[in-house]
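Q: build the 3D model from these lines:
(2 chains)
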Protein chains: 2
Amino acid sequence: MENKKIKHSALHEKVGISPPEIISSNAVNQVQKFRKTQPSSQELIAGILLGNISALSRAITLVESTNANHLAKANEVINACLPHANKSVRIGITGVPGVGKSTFIEAFGKYLTGLGKKVAVLAVDPSSTISHGSILGDKTRMEELVKDENAYIRPSASGETLGGVARKTRETITLCEAAGFDTILIETVGVGQSETAVHSMVDFFLLLKIPGAGDELQGIKRGIMEMADAIVINKADGDNVKKANLAKVEFNRALHLFPAKKSGWTPTTSTCSAITHEGIPEVWGSIKKFIKLTKENNYFFEKRKEQNQYWMLETINEQLKTNFYNHPEIKKLLESTKKAVQNDEISPFAAAQLLLEKYFKK
Amino acid sequence: MENKKIKHSALHEKVGISPPEIISSNAVNQVQKFRKTQPSSQELIAGILLGNISALSRAITLVESTNANHLAKANEVINACLPHANKSVRIGITGVPGVGKSTFIEAFGKYLTGLGKKVAVLAVDPSSTISHGSILGDKTRMEELVKDENAYIRPSASGETLGGVARKTRETITLCEAAGFDTILIETVGVGQSETAVHSMVDFFLLLKIPGAGDELQGIKRGIMEMADAIVINKADGDNVKKANLAKVEFNRALHLFPAKKSGWTPTTSTCSAITHEGIPEVWGSIKKFIKLTKENNYFFEKRKEQNQYWMLETINEQLKTNFYNHPEIKKLLESTKKAVQNDEISPFAAAQLLLEKYFKK
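A: Numbers count the residues shown, from 1 in each chain, chains lettered A, B, ... in the order given. This is a model prediction of the structure:
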């Protein structure tokens, strides 16, 4: 202010505003140090367990890092968080683009924080490496939720393989839970194998649809419908209400053709509107019933154990493949062998045997 | 005859009947030699290409052998057969026990041989190691077909893993085709992963159901319905006809909720009776239409190429796993590591990393 009337060069910098006396310079130093330096794993763990969002975000970044040196540290943090994790409900949400996933999550998330829940929103989107985060990348689509202090939104990790992306998200769940988030929403898009990956890390799998089960649904992966614990027909507002109710009846009938689920749960169908918020409480009601049922029949706990084991074995299998296909000898031979097999010059099994001999004899 | 009146001891042996002059002793010697000795791979190949069933059966036995020495010979025979194979229609048939697979195959197979087709009936049933061939093991369930000289029925190979069983069946297809069989029916039962395996080796996948889609269908694996190119409701006879027609309408409606198939084919639903033979010609009509369509749009050929590649990669992946899990160090650690992961003492990914380090460092 005191410089108001002095003529400045374009390079002039304003004098910084001093922090108010009430904030101790000690605390400021600590925060600044934390931001600028690499906090130790002990600092990260302590921060996460206190619910410190900055520590949580840092730890997730560590988990997502492709730097080999970060791996051991990430594992240390995660293993320390494990005993404090697991006390949450994990909900997978899928649906093709255009079905309104973001607006649904915005409305659903706000409803949950309104109930006093702490909600973390994650995503599995292997395409995000190329598209730079096609889902959840644009946080502005969740305007309200992003400002909610009881919500934490993290875009999809990027990675070359679905396995890599999925691992990072799976570990992020642990970190969020240890930081006190009790409801984890994991978004995915109905393409490729990402549904199966998400299905393998959640308790409840929700499929979003829109009225008119025609061409617009072509993009969804086969088999998704059978994974769903609930089919929710979104955009049931205005002129759409009647169509949405019809679609609900149709899907309900179709679901009954499928065999019973191991969970003992009969998948539900309902309609909702992310705009009018009608049907949103019913979605949560359905999930609560599911959790009650599966905790009583023990499926909830058994499934989580199975999922843990699944991810261990999946990681092993993927790593074995990576090692094989990156072997220089295999890299050299693979394409020509594939061609020969496609053209029936050699049987698929004889070809496999040939490559395996090269690999194991090295 | 000249000994009629002579008293014999109980140990007396009748004089053998000499072969009629018309059968050359040379030919007899050859057949006997072929039966008693191990024919060379060249003899097997020549026999198969001439449509000799004895040579075909021998070659299949070789393919099914777990003797490591037989592997090279089996591969030699198969690779020689490959250029003569592939000229067939491969049809997968599935359905839970009780749905009438055997009687359907009997009726359908007889219909096909009546059209001048040469029909091979194979099976993929990984449980056959324990049950000693629960499907197709009892050939008496196909009384007519087994006597038909244009049909060849071979029970499921046995093996410890589905992968092993599937490989053997896949190679048996090649041998049967080279022996002149132009229609291959592959039966499987709606449990475990065997459907996926069969789906990956056929052109057309047929799901058999029975009227009343209730409890009796609980046993079928999830996702099967979406694999089907046709759903055929069997046992549509007597009092069942009305129920079968209802079921047909119901399934038809459900199929329309699924996304379009890459083949461009819209799955059909129909009813049939293996007893009255009603609807059997229509099943073949549907398959013929499918083949025409997919040959015209090239999907038929592309899919076969993809399937070949799939089996090569599958075989590699399975062998990599076998090698890992049979490693002495891994065998020692696996169970305790699994437990630790299930109980959240270590993250699934950290656990996988630990085991992988042991394996690759050896």
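Q: touching, residue A:319 and residue B:354? I think so.
A: No: judged on C-beta atoms under 8 Å, residue A:319 makes no contact with residue B:354 at a distance of 11.7 Å. (Glycine included, C-beta is placed from N, CA and C.)
Q: the more surrounded of these two?
A: Neighbour count, other C-beta atoms under 10 Å in any protein chain shown: between residue A:319 and residue B:354, residue A:319 has more, with 19 against 16.
Q: spatially nearest residue to the more buried one (excluding sequence neighbours)?
A: residue B:356 (5.3 Å; C-beta to C-beta, 6 or more residues apart in numbering or on different chains).
Q: for that neighbour, phi and psi?
A: phi -60, psi -40 (degrees, to the nearest 10).
Q: list the residues that contact it.
A: A:316, A:319, A:320 (C-beta atoms under 8 Å, 6 or more residues apart in numbering or on different chains).
Q: residue A:205 should be in a helix, yeah?
A: No: remark: residue A:205 does not belong to a helix; assigned using DSSP: H, G, I helix; E, B strand; the rest coil, it is strand.
Q: beta partners of it?
A: Counting by DSSP bridges, residue A:205 forms beta bridges with residue A:92.
Q: ok, it touching residue A:225?
A: No: between residue A:205 and residue A:225 there is no contact under C-beta under 8 Å: 10.6 Å.
Q: ok, those two, which is more surrounded?
A: residue A:225 (25 against 22).
Q: next, the more buried one: secondary structure please.
A: helix.
Q: quick check, it in contact with residue A:208.
A: No: look at residue A:225 against residue A:208 with C-beta under 8 Å: they stay out of range, at 12.0 Å.
Q: and the next helix or strand past the lowest-mean-pLDDT helix or strand in chain A?
A: The least trusted helix or strand in chain A, going by mean pLDDT, DSSP states H and E, turns out to be helix A:128-131, with a mean of 50. Downstream of helix A:128-131, the next assigned helix or strand under DSSP states H and E is helix A:143-147.
Q: chain B contacts on the stretch 1-150 of chain A?
A: A:71, A:75, A:78, A:79, A:82, A:83, A:85, A:86 (C-beta under 8 Å from any C-beta of the partner chain).
Q: show me just the buried residues among these.
A: Buried members of those, counted by 16 or more other C-beta atoms under 10 Å in any protein chain shown: A:71, A:75, A:78, A:79, A:82, A:85, A:86.
Q: and the second one, what is it in contact with?
A: If you count contacts by C-beta under 8 Å, 6+ apart, residue A:75 has them with B:347, B:349, B:350, B:353.
Q: low pLDDT regions in chain A?
A: For chain A, the stretches with pLDDT under 70 are A:1-25, A:27-28, A:30-36, A:127-140, A:160, A:190-192, A:212-222, A:362.
Q: where do the strands of it begin and end?
A: A:89-94, A:119-124, A:151-153, A:183-188, A:204-209, A:230-233, A:268-271 (DSSP state E).
Q: show me how far the third one is from its chain's centre.
A: Looking back up the chat, that one is strand A:151-153. 12 Å (C-alpha atoms, centre = their mean, to the nearest Å).
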